[in-house]
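> Give the three-dimensional model of this entry:
(one chain, ligands or ions: 1)
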Amino acid sequence: MEQTPSSHPSPETELRLRLEALQAQSLYRRRRLRDGPQQPRMGIDGRPMLSFCSNDYLGLANHPEVIAALCDGARRWGVGSGAAHLVNGHSRSHQALEESLAEFSGRPRALLFSTGYMANLGIISALAGRNDWVFEDRFNHASLLDGALLSRARLCRYPHADTQALQRLIASTPARLIVTDGVFSMDGDLAPLPELAAIARASGAWLMVDDAHGLGVLGPEGRGTLEHFGLGPKEVPILMGTLGKAFGTFGAFVAGPEELIETLIQSARSYLYTTATPPALAEATLASLAIARREHWRRERLAEWIERFRTGAARLGLNLMDSPTPIQPLLAGSAEQALAWSAALESEGLLVTAIRPPTVPAGTARLRITLSATHSAEDIDRLLAALARLPLAEPTPSRP
Ligand SMILES: *Cc1c(COP(=O)(O)O)cnc(C)c1O
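Numbering: from 1, shown residues only. Predicted structure coming up:
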């Protein structure tokens with residue numbers, strides 16, 4: 001066998017060095033092994049844990065009606081859809097779910113994507129091209145940034161929620177798209193949508209909102225960040241949402257005018273060149289959407305837990321962020337500090353994951369605490385008691 005010349009290290013050697021560098025910076029990630037379904041009480045790495053880190057805000061991921069709909073769906077439709085939507089993978093279940101999502105979001109049509117990541121890649125790259133400008137909030141989800149990169153449009157990332165900066169930046173360019181999270185996934189705050197809508201209108205850009213963390217949760221009917229602000233299709237023509245968070249299943253959709261949906265069917269590559277999700281999954285989502293809409297107590301319970309947590313945390317002098325949502329991050333600063341806090345909580349049987357760069361900017365590593373309607377008052381209090389015991393030695397730095 002020929003030896004690898006020393007000037008060209010083997011992939012194993014080179015990658016091991018990279019991994020060791022991540023370890024040295026406290027940026028190495030590992031997967032925990034969960035036993036059983038997504039719910040507050042779960043086995044993690046063989047130990048019982050109370051979890052505060054899922055996106056199952058309404059507690060629908062393990063709901064008996066949703067499970068039954070998935071099982072019945074599989075009996076009726078089999079498992080695999082067997083083809084892309086444009087071949088023969090588009091079932092009546094997919095169609096019914098698209099119609100329900102269109103009605104739910106108050107728009108003429110909706111289109112299902114396999115995942116939120118794929119939806120954002122497909123939507124942005126279908127709508128913007130080489131000579132266009134796309135404006136995105138600095139804290140947008142990675143899939144929105146990747147969508148702009150894939151489109152090869154010129155991408156301008158404006159400072160987080162800074163509408164004055166956006167206004168200045170956009171003044172000198174013919175903007176095609178302004179793209180923002182509705183609820184920022186790692187911060188829990190809301191985008192200034194009314195101001196963004198005004199800027200979009202004045203500049204002729206289209207506003208696209210990714211409401212992965214707002215839908216189901218915000219607004220009296222759970223219609224999300226837009227309902228919270230009283231905005232409709234006129235102000236926000238392109239609404240994207242995911243189904244794997246508050247709705248507890250899997251997948252994503254975009255809702256908007258007929259012409260938008262038809263354009264995406266013709267040209268969104270992550271829609272065209274992939275297999276349709278199982279029809280049974282659409283049946284499950286139809287069930288969870290119905291529960292999310294009808295059971296207002298889930299949103300009310302969640303609001304109660306957010307209030308209980310924030311009041312308790314303020315009493316402890318914790319440095320909370322300005323979040324009215326179930327995402328309640330606790331800034332640690334360094335990645336080491338975030339990991340140390342997470343480990344201290346884990347030793348008390350509480351699972352709260354540390355979020356580190358590059359998911360968040362350097363110096364703003366944090367615990368991303370998330371609350372669910374299926375937590376109990378005692379669960380929240382147990383979390384607060386454990387947070388009170390954390391060594392909060394390091395003063396939390398302000399955001400850059
Ligand atoms: C989770 C998330 C996505 C990705 O959705 P998936 O269905 O998990 O691929 C997109 N945007 C935001 C803001 C998210 O939080």
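> residues near whatever residue of the stretch 51-200 of the chain ends up closest to the ligand, how many?
Of all residues in the stretch 51-200 of the chain, G116 sits closest to the ligand, at 2.2 Å by CB to the nearest ligand atom. Where C-beta positions appear, they are placed from N, C-alpha and C, glycine not excepted. Residues lying near G116 (other CB atoms under 10 Å) number 24.
> what domains does the record give for the chain?
30-57+296-388, 64-294 (automatic domain parsing).
> out of these, deepest packed?
domain 64-294 (a mean of 20; mean count of other CB atoms under 10 Å).
> Identify the residues contacting I306.
For I306, the contacting residues are P324, T325, P326, Q328, L371, by CB atoms under 8 Å, 6 or more residues apart in numbering.
> which one among those residues gets closest to the ligand?
Nearest to the ligand among the contacts of I306, with distances taken as CB to the nearest ligand atom, is T325, at 11.7 Å.
> Got the phi and psi for that closest one?
Main-chain torsions, T325, degrees, to the nearest 10: phi -120, psi 180.
> Isn't it up against G216?
No. Judged on CB atoms under 8 Å, T325 makes no contact with G216 at a distance of 11.3 Å.
> can you give me the helices in the chain?
11-24, 64-77, 92-105, 116-127, 142-151, 163-171, 193-203, 225-229, 258-267, 269-272, 279-294, 296-315, 335-347, 377-388 (DSSP state H).
> Could you export those helices as a markdown table, including mean pLDDT?
Shown next, in a markdown table, are these (pLDDT from 0 to 100):
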| stretch | mean pLDDT |
| --- | --- |
| helix 11-24 | 96 |
| helix 64-77 | 98 |
| helix 92-105 | 98 |
| helix 116-127 | 98 |
| helix 142-151 | 98 |
| helix 163-171 | 97 |
| helix 193-203 | 97 |
| helix 225-229 | 98 |
| helix 258-267 | 98 |
| helix 269-272 | 98 |
| helix 279-294 | 98 |
| helix 296-315 | 98 |
| helix 335-347 | 96 |
| helix 377-388 | 98 |
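> what's near enough to touch the nearest residue to R92 once chain neighbours are set aside?
Once flanking residues are discounted, R92 sits nearest to P279: 7.9 Å by CB to CB, 6 or more residues apart in numbering. The contact partners of P279, by CB under 8 Å, 6+ apart, come to G73, R76, W77, G78, S81, S91, R92, S93, H94.
> Take the contacts of I306 and write them to CSV, including pLDDT and distance to the ligand.
CSV is the format used below for these (pLDDT from 0 to 100; distance: CB to the nearest ligand atom, whole Å):
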residue, pLDDT, distance to the ligand
P324, 97, 17
T325, 98, 12
P326, 98, 12
Q328, 98, 15
L371, 98, 16
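> Distance to N62 added to those residues, as TSV?
Shown next, in TSV, are the contacts of I306 (distance: CB to CB, whole Å):
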residue	distance to N62
P324	26
T325	22
P326	17
Q328	22
L371	16
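> ok so, going back, which stretch among the helices of the chain comes nearest F52?
helix 377-388 (5.9 Å; CB to CB).
> Which ones among the contacts of I306 map onto strands?
Q328 (DSSP state E).
> what does the chain put close to the ligand?
Within reach of the ligand by CB under 6 Å from any ligand atom, the chain has these residues: 115-117, 120, 141, 143, 181, 185, 210, 212-213, 242, 244, 252.
> Sort out for me which of those are in strands.
Using DSSP E, these in strands are D181, D210, T242, A252.
> thinking again about what came up before, redo the domains of the chain as a markdown table? Include distance to R18.
Listed next are these as a markdown table, based on distance: least, CB to CB, whole Å:
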| stretch | distance to R18 |
| --- | --- |
| domain 30-57+296-388 | 14 |
| domain 64-294 | 19 |
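> Show the contacting residues for L60.
V66, A246, F247, G248, T249, S288, I291, A292.
> Identify the farthest-apart pair in these.
So, the contacts of L60 by CB to CB: farthest apart are V66 and A246, at 12.4 Å.
> Just tell me which of the helices of the chain ends up closest to F135.
Closest among those, using CB to CB: helix 163-171, at 6.1 Å.
> Grab the nearest non-local neighbour of P257.
Nearest non-adjacent residue to P257 (CB to CB, 6+ apart): P108, at 5.7 Å.
> so that neighbour touches E99, yeah?
No. Contact criterion CB under 8 Å: P108 and E99 do not qualify, at 10.5 Å.
> Are there residues contacting both of those two? Which ones?
If you check P108 and E99 against CB under 8 Å, 6+ apart, no residue is contacted by both.
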